[in-house]
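> Take a look and give me a structure for this.
(one chain, ligands or ions: 1)
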Amino acid sequence: MKKLIFTIFGSTGDLTSRKLLPAISKLYKENKIPKETLVVCLGRKSFDDNRAYLKYMDDAASKKLDLDILKDIVIYHQMQITESNDYDTLKEMLEKHKDQDTKELYYLAVGPELFFDVSKNINQSGMVQKNNINQSIIFEKPFGHDLKSAKSINQRLWDFFDEKQIFRIDHYLGKEMIQNILMVRFANRIFEDIWYNRTIKNVKIIVKETEGILNRGGYYDQSGALKDMVQSHLLQMVSLVAMEVPLSYYSEDVKNEKVKVLDHITVDEKSLIFGQYHGYMHEEKVEENSDTETFVFLKAFVNTPRFKGVPFYLMTGKKLDKKESVIIIEFEETSEQRKWNLPLSTNKLFIKIAPEDGVGLRFNSKVPGLSDDVQEVELEYCAACEAFGNMSEAYEKLLLDATGQHKSLFTRWDEIELSWKLIDQIKKHQDKPVIYESFDALKVLIKEKMDVDMS
Ligand code: BG6
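Have a look, this model is predicted:
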């Protein structure tokens with residue numbers, strides 16, 4: 001690949017400023033993508049020139065953008081992406097820049113309600129030909145807003161693009177430690193041999209954030225934590241933790257096993273807890289008296305021979321006590337431990353996704369010295385420390401994989417379909433959220449209701 005063109009739809013949004021532009025400039029700086037890379041940013045807003053666009057994005061970004069790089073590779077193109085006539089000038093412009101060798105990625109950083117119209121316009125303008133493997137189209141999550149809408153989008157997409165050209169993003173799959181789950185599970189005898197319901201007591205999947213909804217009220221109020229986080233990130237983590245050994249580590253074989261997990265999840269509807277942070281209703285573009293949840297807790301089961309009976313506790317929310325994404329596998333007590341009847345801890349494996357990336361293993365050990373006391377200690381592996389401050393961000397990995405046509409870290413349609421099926425079922429049991437001012441109150445509620453400690 002000599003030339004690369006990224007065309008971003010929704011390029012004045014939050015995702016483009018916070019994730020896509022930083023990822024592209026880093027890949028470019030590290031020579032992971034061609035010198036001849038062009039980033040075409042499309043939007044309705046009018047800017048005097050590319051510089052003005054970049055200045056606007058720099059102001060919106062959480063960290064400073066690498067303008068030295070971006071100024072040379074970004075073009076802002078004003079258009080109405082739902083207007084089919086506007087695609088003629090876009091096509092003309094792109095054609096001036098590309099040749100036969102060019103890899104083209106079209107990134108839809110827009111809501112799912114626009115997926116169909118934009119895809120149709122891209123296809124019918126002749127910009128992208130069905131089956132041309134040098135032209136790929138990437139869909140940001142959420143893919144649909146329920147099973148019906150997702151199915152309808154997907155079905156119609158296949159008229160325009162071949163599945164090989166379609167990349168459905170779940171950025172958690174690009175995170176270092178999520179990529180590492182299968183390695184930890186299947187390349188370590190000590191874990192492989194105990195990865196069963198006989199030895200695993202429960203699994204906790206926790207994604208806590210301290211931020212609120214930022215300026216995404218328009219999207220978030222229609223979505224909520226269940227659709228925004230559980231449908232995608234948390235269920236993907238469940239599938240990686242619970243899947244069987246795949247036939248091979250090629251994308252399709254791994255997905256075949258993940259899908260079996262997603263097809264065997266049931267949720268204990270009595271366990272559901274929905275929360276909304278205090279002040280949410282005053283956020284911009286949030287409806288007055290909105291019932292949208294910014295927190296969700298649930299207990300699920302994966303009804304496969306390997307995991308039958310093991311509770312999976314899933315929890316995610318905004319404005320909580322800390323930013324933390326972690327998977328905790330808790331193991332059963334040993335038979336000796338049961339006999340002794342002492343207040344000893346159980347073994348726990350922590351797969352730490354954020355803010356640190358790493359693995360921790362907690363076990364019991366004698367307190368050194370003359371006493372016979374026992375304490376819980378932790379063995380720790382810090383992946384981020386090994387990367388010497390150069391840990392790649394999820395979007396870097398995913399964009400790079402898309403340029404190389406590697407699909408392992410993208411979701412296949414049946415994964416999305418089964419996830420939505422589950423979310424639709426949960427939605428039927430959704431209650432009004434409790435208003436929370438801090439995580440403490442939620443912790444107590446979970447403990448009282450489900451007798452589980454999620455702190
Ligand atoms: C996104 C959600 O998919 O993930 C956001 O739409 C959420 O609401 C974000 O804040 C969390 O991602 P990360 O990488 O910060 O854990």
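
> Farthest out from the centre of this structure, which residue is that? Tell me.
Farthest-out residue of the chain from its mean C-alpha position, per CA atoms, centre = their mean: L370, at 48.8 Å.

> give me the element that residue is part of.
Using DSSP states H and E, L370 sits within no helix or strand.

> and it, backbone torsions?
For L370, the backbone dihedrals (degrees, to the nearest 10) come out as phi -80, psi -20.

> What of the one 5 residues further on?
Reported as degrees, to the nearest 10, the phi and psi values for Q375 are phi -130, psi 160.

> Average pLDDT for the longest strand anywhere in the chain, rounded please.
Ranked by residue count and defined by DSSP state E, the top strand of the chain is strand 265-277. The pLDDT scores in strand 265-277 average 98.

> Determine if any part of that strand is in contact with the ligand.
No: using CB under 6 Å from any ligand atom, strand 265-277 stays clear of the ligand, coming no nearer than 12.8 Å. In this view, the C-beta of every residue, glycine as well, is placed from N, C-alpha and C.

> who's in contact with that strand?
Taking contacts as CB atoms under 8 Å, 6 or more residues apart in numbering, the residues outside strand 265-277 that touch it are 212, 225-226, 235, 238, 290-303, 312, 317-319, 422, 425-426, 429-437, 442, 445-446, 449-450.

> Might you calculate how far the helix or strand encompassing D68 sits from the centre of the chain?
With elements delineated by DSSP H and E, D68 resides in helix 67-73, which encompasses its position. Taking the mean of its C-alpha atoms, helix 67-73 sits 28 Å from the chain's own mean (CA atoms, centre = their mean, to the nearest Å).

> next one: the helix or strand following that helix to chain centre, how far?
Moving toward the C-terminus from helix 67-73, the next helix or strand (DSSP H and E) is strand 74-78. Relative to its chain's centre, strand 74-78 lies at 28 Å (CA atoms, centre = their mean).

> The helix or strand that strand 74-78 is followed by - what's its average pLDDT?
For strand 74-78, the succeeding helix or strand toward the C-terminus, using DSSP H and E, is helix 86-97. Averaged over helix 86-97, pLDDT sits at 96.

> Enumerate the positions of helix 86-97 that are buried.
D86, Y87, L90, L94 (16 or more other CB atoms under 10 Å).

> and if you look at stretch 319-338?
Neighbour-count burial for stretch 319-338 flags K319, L320, E324, S325, V326, I327, I328, I329, E330, F331, E332 (criterion: 16+ other CB under 10 Å).

> For the helix holding D68, give the mean pLDDT please.
Helix 67-73 comes out at a mean pLDDT of 97.

> So what touches it?
Helix 67-73 is contacted from outside by L21, I24, S25, Y28, K29, T37, L38, V39, N50, R51, L54, D58, using CB under 8 Å, 6+ apart.

> What are the neighbouring residues in contact with the first one?
Same thing as L21. Residues counted as contacts of L21 (CB under 8 Å, 6+ apart) are V39, M57, A61, L65, L70, V74.

> can you do 7 Å?
L21 sits next to M57, L65, L70 when contact means CB atoms under 7 Å, 6 or more residues apart in numbering.

> right, and out of those, which lies closest to the ligand?
L65 (17.9 Å; CB to the nearest ligand atom).

> and that closest one, how many neighbours?
Residues near L65, counting by other CB atoms under 10 Å, number 21.

> Tell me the spacing between the closest residue to it other than its chain neighbours and V74.
Leaving aside its sequence neighbours, L65 sits nearest to D58 (CB to CB, 6 or more residues apart in numbering; 4.7 Å). With distances taken as CB to CB, to the nearest Å, D58 is found 11 Å from V74.

> G279 too?
Counting by CB to CB, the gap from G279 to V74 is 36 Å.

> got the contact list for the closest residue to the ligand within the chain?
Closest contact between the chain and the ligand, by CB to the nearest ligand atom, is at D228 (4.8 Å). If you count contacts by CB under 7 Å, 6+ apart, D228 has them with P142, Y220.

> now swap in I435 and tell me
I435 makes contact with Q276, H278, according to CB under 7 Å, 6+ apart.

> Tell me if I am right that it is in a strand.
Yes: assessed with DSSP: H, G, I helix; E, B strand; the rest coil, I435 lies in a strand.

> what about the helices in the stretch 151-300 of the chain?
176-179, 181-186, 189-192, 217-225, 235-242, 251-262 (DSSP state H, counting those that start in this stretch).

> List the buried residues of the second one.
Same thing as helix 181-186. I181, L182, V184, R185.

> any idea of the mean pLDDT for it?
On average, helix 181-186 scores 97.

> ditto for the last one
In this model, helix 251-262 carries a mean pLDDT of 97.

> And it, how far out from the chain middle?
Using CA atoms, centre = their mean, the offset of helix 251-262 from its chain centre is 17 Å.

> who touches it?
Residues from elsewhere that reach helix 251-262 (CB under 7 Å, 6+ apart): 235, 238-240, 242-244, 246-247, 302, 304, 407-408, 412, 414-415, 418-419.

> Just the buried ones from those?
With burial judged by 16+ other CB under 10 Å, the buried subset of the contacts of helix 251-262 is 235, 238-240, 242-243, 246, 302, 304, 407, 412, 415, 418-419.

> Let me know the closest of those residues to G111.
Nearest to G111, judged by CB to CB, of those is S419 at 17.8 Å.
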